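Participant: next comes the sequence, and after it the predicted model I'd like to discuss.
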Amino acid sequence: MAVEFLKGDGMVWQPVFTLPKNEKKLFASLNADGIEAYLPMRRYFNIHPVVSKGKSYCYKRELRVPMFPGYLFARICPEYRSELKRNRSVIRVLPVTEMEEETLLNELKMIRELEKISEKKEFDITNGLV
């Protein structure tokens, strides 16, 4: 399902800070409730070396992991915010003003482009200068 990053209707895109390893669970829960949500994912290759009977093997498994561990983005109305906080997977919902929402929408569109690139090539998100 392609997410449209639209503004208006009293709904605001907000980052949601989740418990570790609960992003996919919360994303599925929000979609089941009919709430528009976006969880950017990237490819990750888990390499597991094994030595058995004097021979070494390397098992490689492709995984889809959240691009930003501990975060997802949801389009919610201000009234639903307190209800969302009651979910056990949610640590907090980060507030976004109307002026900040425009910047957030532009950044989410760029993140979606990065997500498309990650389908073809593996990369890591790191802090600081490279």
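Facilitator: Arrived safely. Keep in mind that what you see is a predicted model, and the values were worked out from it rather than measured.
Participant: the residue positioned nearest the centre of the chain and residue 23, how far apart?
Facilitator: Per C-alpha atoms, centre = their mean, the C-alpha nearest to the average position across the chain is that of residue 39, at 3.0 Å. Distance check for residue 39 against residue 23: by C-beta to C-beta, to the nearest Å, it reads 6 Å. Just so you know, the C-beta spots here come from the backbone N, C-alpha and C atoms, and that holds for glycine as well.
Participant: next one: residue 96
Facilitator: Using C-beta to C-beta, one obtains 19 Å as the distance from residue 96 to residue 23.
Participant: higher neighbour count, the two?
Facilitator: Regarding residue 96 and residue 23, a neighbour count based on other C-beta atoms under 10 Å identifies residue 23 as having more, with 23 against 17.
Participant: which ones are touching that one?
Facilitator: Under the criterion of C-beta atoms under 8 Å, 6 or more residues apart in numbering, the contact list for residue 23 reads 39, 66, 69, 70, 71, 72.
Participant: for those residues, which one is nearest residue 19?
Facilitator: Using C-beta to C-beta, residue 70 comes nearest to residue 19 of the contacts of residue 23, at 7.7 Å.
Participant: count of residues packed around the residue nearest to the closest one when sequence neighbours are not counted?
Facilitator: Across the structure, with C-beta to C-beta, 6 or more residues apart in numbering as the measure, the residue nearest residue 70 apart from its sequence neighbours is residue 18 (5.6 Å). Neighbours of residue 18 under the rule other C-beta under 10 Å: 24.
Participant: what's the pLDDT at residue 18?
Facilitator: Among the per-residue scores, residue 18 shows a pLDDT of 96.
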